[in-house]
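1. show me how the following folds:
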Amino acid sequence: NLYIELTGALGRRTKFQEFDTPQLVLKAISSNNVEHDNSDIPNTIECDPNDVTLENVHINDDQNIDGILDHLSNIDQCIILSFCNETQQNGLSKATMNVYIDRILSIPNNWLVRCMALILKAKIGFSNNKYRDRACMQLSMIVDQLSREVDNNVSIRMKYYHSLYFPSIYQLKKDLATKWVSIGASSTAKVLYEELELNEEKIGCMISMGEKTEAIEALNEIIKHESTPELLCILGELVDDPSILEDAWELSNQRYSRAKRSLGTHYMNNNNFQTAIEHYQEALTINPQYWRIWYRVGVCALKLGDLNLAQKSFLRTTRLQPEDSESWNNLFSVYMRQGKYEAAMNAIKLSLQGDNDNWKIWDNYVTVCLQLGLFGEVILGVNRVMDTNPNNIDINVLRQLFLAINREVQQSKNRGTLLQKNFVDLLERIVSTNNTNADVWNLYSLYMELLGDLVKSADYVIKEIQCIQIQGWNQDLMAVGRTIQCLKGLARLEMQINERKRVHTLLLSVQSMLKQVERDFSESEQYEQLTSILYILIQLENNMNDA
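-> Numbering: from 1, shown residues only. A predicted model of the protein is given here:
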C-alpha cells in the first residue's frame, strides 16, 4: 500500500536564492491509515543563523505534486527509514539518504520514528565538518530525552522498536562520546565514559585533556580492584615503565600483542633497536596484519644497517598499506643502499602517488634519476622541489646536469635540444627567485660559453663576482681567492670578445678591488695575482688603442 519514488521539484535550498531550481525530493503515497502520536516529540537543533543553507528545501506550492508533503502512517515511515539503514552498507549517497530522512522529519507522527530519523540525520551530518557540532548536540538531546523517566505510556513509544533497528541507550551514549572526542570535547566525552564505566576510554580523555597525573592516579585506583592487560598497558605507556608492560604480557598469557608493541616502542625510543625488533616480531606473530609495526621493524633495521630485514619489512608494509608514501620512500632508501636503482625508481614513483607535494620525496626522485641517467626527469624533479621549497637548490645536481649537456654537445654537436632548453628554463627560474647564488651564476656562465655566447657568459661571471663580494669580502682570503679565479676567466672571455669599452670597465673594477684588498693582503700571493690581472688588462687596452 506504499508507493515511493525519487523525483524532482522546483524549490529553493539557500536563503538568498532568488529563483527556483530543480531539487531532489521523495514522493511517497500510501493508502494506510495515518496515526498521530506526537506527544513529547524531540526537537531538531536549530541551524546556525549564519548558515545560508535552509533546514528544509522550500518547494514551490504552485506545482501541486502529490506525495511530497502528504502525511504517512508510522509503519510507512519505518519502511522508508529502513532504506536508509540498508544504504549505509549498499553505498547510496548521503545526499539521497538525506532526502529520505527529510521526508520523515517533515511529518512528525511518532516519537520513536522521529528519534530514529534524527539519529540517522546526525550521523550523516557528522561527516561534514560544517555540521559536526550540530550533529553532536542533536544526539545529546536525544540521549537526554531517552534517559529521562517517561510519564506517558511506554508502549506507545516502543511500538515500532523492532521495526526500526533502534540502537540501545548504551550504544547511543558510546557513539556520542566518540563523536565528542573527535571534535575535541574530551571533558564532555569523559562524563559519558564514566557513566558507561569504560575505563580505557575515560583515561584516554584525561590524557588528551593534559591530566596525565590524574590519569595515572585513576589507573592505579582501578587496577587495585580490577587488573586487565589493557589497563596495565596504558599505565606502562604513561609512566614509561617496561616492567608494567611485561606484567601486562604475562597477565594475558602472552596473547595481548599491544603489550609487545608498547615494549618495542619503549626500546625504539631509547635507541635499543635490536631489542625493539625482537619485541615487535613477537607482536607480529600474534597479529601480522598490523602494518605500522612492520614499518617500525623496517626503521629499526635501517638504523642497524640490516638491509635485508628492512627490505622485507617495508615490502610487507606496502602490501598491507599501499597508500602509505612514507613506507615506499623508506623502501626506496633500502634499494638505493643496495644499488638496486630500477627497483628504487619504482618505489619512489609509488611514494609520489601518495604524496605528490612532498619536496623531500621529489629530492629522492632526483637522486635516483641521476643514477639512471634520466636527466630530463632530473629537471622535472628539481622544478617540483622548487614548487614547495624554492630556496633548496642542490648545486651538485645542477653541475651533473651541466656535465651531461656538455657531453651531449661535444659528442653530437646538437644545439637547442629539449634537455638544453629545459636546463636554461630551470636556471632562469632559479636566478629569478634567488639571484645571490654565485655557484648558479658560475654554471650559467659556463653553459653560455659552451653555446658560444661569450657576451652573456662574461656578464654572468660579473654577476657571480657581485654575489661573492658581499660586505667584508676584502677581509676574507677565500672570497678574495674566488674573486681572482672569476677575474681570470672573465679576462679570458673579454680577450675573445675584444670590445674596448668592456675591457676598460673591467680594468677600472680591478683597480678598485686592488685598493680594497691592499690593506689586508698586500704581501699575499692573491694580491700579486690580482696585480698581474690588472697588467694584462692594461696591456690588452693598449693593444686595442694601437690598433
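2. and stretch 447-458, how far out from the chain's middle?
-> 43 Å (CA atoms, centre = their mean, to the nearest Å).
3. no no, stretch 97-110
-> 38 Å.
4. can you show me the CA trace of it as CSV?
-> What follows is stretch 97-110, C-alpha atoms only, in CSV (Å, rounded to 0.1, in the frame of the first residue of the first chain):
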residue,chain,number,x,y,z
MET,A,97,19.7,9.4,2.3
ASN,A,98,19.0,13.0,3.5
VAL,A,99,16.1,13.2,1.0
TYR,A,100,14.5,10.1,2.6
ILE,A,101,15.1,11.3,6.1
ASP,A,102,13.8,14.9,5.4
ARG,A,103,10.6,13.3,4.1
ILE,A,104,10.1,11.7,7.5
LEU,A,105,11.0,14.7,9.6
SER,A,106,8.5,16.9,7.7
ILE,A,107,5.6,14.8,9.2
PRO,A,108,6.3,14.0,12.9
ASN,A,109,3.8,11.3,13.9
ASN,A,110,5.6,9.1,16.3
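5. rounded mean pLDDT for it, please.
-> Across stretch 97-110, pLDDT averages out at 83.
6. which residues touch that stretch?
-> 6, 24-26, 28, 34-38, 41, 44, 56-57, 69-74, 77, 80-81, 83-84, 87-88, 113-114, 117-118, 120-121, 124, 159-160 (CB atoms under 8 Å, 6 or more residues apart in numbering). Yep, even glycine has a C-beta here, placed from its N, CA and C like the rest.
7. out of these, which are inside strands?
-> If you go by DSSP state E, those have 6, 24-26, 28, 56-57 in strands.
8. sorry, back to before: give me the buried entries from the contacts of stretch 97-110.
-> 25-26, 28, 37, 44, 57, 72-74, 77, 80-81, 83-84, 113-114, 117-118, 120-121, 124, 159-160 (16 or more other CB atoms under 10 Å).
9. now do the contacts for residue 504.
-> Applying CB under 8 Å, 6+ apart to residue 504 gives the contacts residue 541.
10. what about it, distance to residue 545?
-> Relative to residue 545, residue 504 is positioned 10 Å away (CB to CB, to the nearest Å).
11. give me the beta-bridge partners of residue 12?
-> Note on residue 12: beta-bridge partners by DSSP bridges are residue 58.
12. looks like it contacts residue 21 (just checking).
-> Yes - the pair residue 12 / residue 21 is scored as a contact, 7.3 Å apart, by CB atoms under 8 Å.
13. more neighbours: which of these two?
-> More crowded of residue 12 and residue 21, by other CB atoms under 10 Å: residue 12, with 17 against 12.
14. chain neighbours aside, what residue packs nearest to residue 429?
-> residue 386 (6.7 Å; CB to CB, 6 or more residues apart in numbering).
15. touching, the one you found and residue 430? I think so.
-> Yes - counting by CB under 8 Å, residue 386 does reach residue 430; the two are 7.4 Å apart.
16. just the helices in the stretch 101-250 of the chain please.
-> 111-126, 132-147, 154-157, 161-164, 169-182, 186-196, 199-208, 212-225, 229-239, 242-251 (DSSP state H, counting those that start in this stretch).
17. doesn't residue 368 lie inside a helix?
-> Yes - if the criterion is DSSP: H, G, I helix; E, B strand; the rest coil, then residue 368 is within a helix.
18. list the contacts for it?
-> Per CB under 8 Å, 6+ apart, neighbours of residue 368: 332, 336, 341, 344-345, 348.
19. do residue 517 as well
-> With CB under 8 Å, 6+ apart, residue 517 has these contacts: 474, 480, 526-527, 530.
20. which ones among these map onto helices?
-> 480, 526-527, 530 (DSSP state H).
21. got the contact list for residue 385?
-> Taking CB under 8 Å, 6+ apart, one finds 359, 362-363, 366, 392 in contact with residue 385.
22. and what of residue 118?
-> By CB under 8 Å, 6+ apart, the neighbours of residue 118 are 42, 44, 105, 138, 142.
23. that older thread, which of the three states applies to the residue nearest to residue 429?
-> helix.
24. report the separation between it and residue 376.
-> In terms of CB to CB, residue 386 sits 16 Å off from residue 376.
25. nearest to residue 191, of the ones in strands among the contacts of stretch 97-110?
-> Among the ones in strands among the contacts of stretch 97-110, residue 56 lies closest to residue 191 (CB to CB), at 32.8 Å.
26. okay, now the closest residue to that closest one other than its chain neighbours: neighbour count?
-> With sequence-adjacent residues excluded and distances taken as CB to CB, 6+ apart, residue 56 is closest to residue 102, at 5.9 Å. Residue neighbour count, defined by other CB under 10 Å, stands at 17 for residue 102.
27. and for residue 508?
-> 11.
28. more neighbours, residue 386 and residue 376?
-> More neighbours surround residue 386 than the other of residue 386 and residue 376, with 19 against 14 (other CB under 10 Å).
29. that one and residue 141: what is the separation?
-> 53 Å.
30. low-confidence stretches in this structure?
-> 34-40, 62-64, 67, 85-92, 149-153, 547 (pLDDT under 70).
31. deepest in the core, which of the helices of the stretch 101-250 of the chain is it.
-> helix 111-126 (a mean of 22; mean count of other CB atoms under 10 Å).
32. for residue 241, grab phi and psi.
-> Per-residue torsions, residue 241: phi -120, psi 110 (degrees, to the nearest 10).
33. check contacts around it.
-> residue 235.
34. helix or strand: which one has the residue lying closest to residue 352 once chain neighbours are set aside?
-> Using CB to CB, 6+ apart and skipping residues adjacent in sequence, the residue nearest residue 352 is residue 361, 5.8 Å away. Here residue 361, judged by DSSP states H and E, is contained in helix 359-372.
35. distance of residue 513 from residue 423?
-> Distance from residue 513 to residue 423, by CB to CB: 32 Å.
36. give me the more crowded residue out of these two.
-> Set side by side, residue 513 and residue 423 show more neighbours around residue 423, with 24 against 21, by other CB under 10 Å.
37. the more buried one and residue 111: what is the separation?
-> Distance from residue 423 to residue 111, by CB to CB: 74 Å.
38. re the thing from before, could you pick out the buried ones from the contacts of residue 385?
-> 359, 362-363, 366.
39. name the residues that touch stretch 455-462?
-> So stretch 455-462 is in contact with 441-442, 444-446, 448-449, 486, 489-490, 493-494, 497, 502, going by CB under 8 Å, 6+ apart.
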